[in-house]
Structures are given as structure tokens and as C-alpha cells.
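[1] no FASTA, just this:
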């Protein structure tokens, strides 16, 4: 989305690029083709599995390549909606200002830093926009749209990443795992490692070397769970005007904090942490000391860039260090 404050129109886009579609489709096709050898066997089960895998793979490839790209252009008087499939014609629709009776801004359940506009028309139809890409200016964007379309009683969205907040929050406040739950998981690890050994003894069979090896491995797994379980909880970032407070937990559940200030930052970039650029992008901060801080998951690359740009502004990071 273009700057929602200084431009006349607000543009919202949704849909992967052709390059991203080709990569995802190629991966799906490759996975499906791995099952083709089963078609040339005489085992009915393997043939059925191979056919099902190829059909599912073909459906994924077609679905990925045929997914439409959607663009909304919101002007002071109307909404222009464009929708185009990769091999189809551009279809457009115009929604006049007088046709809009209500506006809601729900937050995505999967990606918390994602907001969409839901317009209710006079006819009762509900139109859902592509996500607002500049997640740091959701309040200003919604207020501007509500004012220009004269929509009353628009509930202000709860946005922990909005630039109007004194503190921006990334992630969720940390809470250690209950000690009882950790003990239960550790006991399960020990029990699972002992099951093959106990079964052999119960049947009167001599335990194999693998069965014996599983016992110390189970004990090590139980110790790792008991000692380090809280390390996987992640981090909670509090982004303030001149620094970032990073909260994490030690293995025993005690809190630990780090502070990042502008002069400490060597580079700040947007990185992908997962398979999809639509939901798994983060902000990566490298310090002059060599330490790296990876933010909690934000969302798409565009949304992560918006958060990164606000971090750059708040910390006063030099232009040469900004790789957003």
C-alpha cells in the first residue's frame, strides 16, 4: 500500500507474483512425482497411494497457478476493485460511496499483525479487502476511510504495532510452562524409551543393542525437556522511542532481558523464517558486537518491512545500516 497519509488513493493488493507461484507449483509437482514409481508396481495399495498423491499434487499446482490477484483502489468517492487470474481477463467493479453503510476491521486469527477492511453495503453484501500492508498506520488508515465515506461508529482496531502507540509490541507476553507439565513430558520421554526394552523382557526375548541404547537417550531427552523447555517459548519485543526491550526466558523459567539501542545496530533487515513469505517474515537486527536478534513472526514481507521502517525511525538508525 502506498503512503496512507499523504496520497489521495489507498491501494491494497493480494496475490503472489508469477515467480512465487512457479516456485510453489514446482515444489508441489516435485513432491507428487516422487510417488510415481508406485504406479509401476503390482501392489494395489502402492498404486492407490501414488494415484491419490498425483491427483492431490495436480490440484495444488492448478490451485496455486490459478489463484487470482486482487487490487483495491480506495478513493474519496468510491472503491475500484480489480480481480485477474493469470490466464483470464481483468474483471473490475466499482463500489460507490453511497452504497457503503458500515465498516469493520477484524484482525486475522492466523497472523495477528494483519488487518482487513470489511465493508457492508446497502444490499447487505459484505466485501473484504486485501490486508492493510502498512500495519504501523492501521488507525490512521481506518480513520481516514471512515471519514471520507462518512461511516459512523467504526470500532477502533486493537493494533499492538501501530505507530501511534507509545510502545509497539511484537509477540505475546511470556509465561513459563507449568512445572508439572514439564515433569509429565519428561516422564513420557523416559517411558517411551523404556517401552521396547520392557516389552522384550516381558516376552522373554533378549533386548537388542538398539533397545539398550534407547534407555540413556530417553534419559537425556527427559533432562533436556526438564532443563531447557522454556527456551522454545520465544521472545517478546517492546519497541520504544529510543530502544527495544527484548524479553526471553532461561531454561528454568526465569526472565532475561536485553536492550537494543540505535548506536548498537549494525544492520536491520527483513528475513523469512519458514516456508511462506506471506506469513513467516521477521525483522533481523545485527549488532556491532556480532549478536543477532530475530523478532517474533510478523507476517508478509511487506508487513515486516513496515514494522522494520518504524523501528528504523524510532531508533534513529543510520541509512547505511538500513537494509529494509
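    Sure thing, it's come through. These numbers were taken from a predicted model, which means no experiment stands behind them.
[2] From residue 63, how far off is residue 85?
    Here residue 85 is placed at a distance of 12 Å from residue 63 (Cβ to Cβ, to the nearest Å). In this view, the C-beta of every residue, glycine as well, is placed from N, C-alpha and C.
[3] got it, and residue 221?
    Going from residue 221 to residue 63 by Cβ to Cβ gives 39 Å.
[4] More neighbours: which of the two?
    Each of residue 221 and residue 63 has its neighbours counted (other Cβ atoms under 10 Å); residue 221 has more, 18 against 12.
[5] wait, is that one part of a helix?
    Yes: remark: residue 221 belongs to a helix, assigned using DSSP: H, G, I helix; E, B strand; the rest coil.
[6] surely it meets residue 191?
    No: if you go by Cβ atoms under 8 Å, residue 221 and residue 191 don't touch, sitting 11.0 Å apart.
[7] Run a quick neighbour tally on residue 166.
    The burial count for residue 166: 6, using other Cβ under 10 Å.
[8] I'd like the numbering to begin with 696 instead of 1 from here.
    Renumbered: residue one is now 696, and that last one reads residue 861.
[9] quick check, it in a strand?
    No: Residue 861: not assigned to a strand; according to three-state DSSP it is coil.
[10] ok, now which ones touch it?
    Contact analysis of residue 861 by Cβ atoms under 8 Å, 6 or more residues apart in numbering lists 935-936.
[11] Would you mind measuring from it to residue 935?
    According to Cβ to Cβ, residue 861 stands 7 Å off from residue 935.
[12] pLDDT weak spots in the stretch 896-1019 of the chain?
    The stretch 896-1019 of the chain contains residues with pLDDT under 70 at 969-973.
[13] which residue ranges form the strands in it?
    Ranges of strands within the stretch 896-1019 of the chain are 931-934, 938-944, 950-956, 960-967, 976-982, 987-989, based on DSSP state E, counting those that start in this stretch.
[14] With distance to residue 804 added, can I get these in CSV?
    CSV is the format used below for these (distance: least, Cβ to Cβ, whole Å):
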stretch, distance to residue 804
strand 931-934, 20
strand 938-944, 24
strand 950-956, 28
strand 960-967, 21
strand 976-982, 18
strand 987-989, 23
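[15] Now mean neighbour count too, for those, in TSV please.
    Listed next are the strands of the stretch 896-1019 of the chain as TSV, based on neighbours: other Cβ atoms under 10 Å:
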stretch	mean neighbour count
strand 931-934	21
strand 938-944	18
strand 950-956	13
strand 960-967	18
strand 976-982	21
strand 987-989	15
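[16] To residue 820, which of those lies closest?
    Within the strands of the stretch 896-1019 of the chain, the stretch nearest residue 820 is strand 976-982; the backing value is 32.7 Å (Cβ to Cβ).
[17] what's that closest one packed up against?
    Applying 3 or more Cβ pairs under 8 Å, 6 or more residues apart in numbering; DSSP states H and E, one finds that strand 976-982 makes contact with strand 960-967, strand 987-989, helix 996-1010.
[18] Kindly recompute the last result at 10 Å.
    Using 3 or more Cβ pairs under 10 Å, 6 or more residues apart in numbering; DSSP states H and E, the elements in contact with strand 976-982 are strand 931-934, strand 938-944, strand 950-956, strand 960-967, strand 987-989, helix 996-1010.
[19] Where do the strands of the stretch 696-845 of the chain begin and end?
    705-709, 764-769, 773-779, 786-791, 795-799, 811-816, 821-826.
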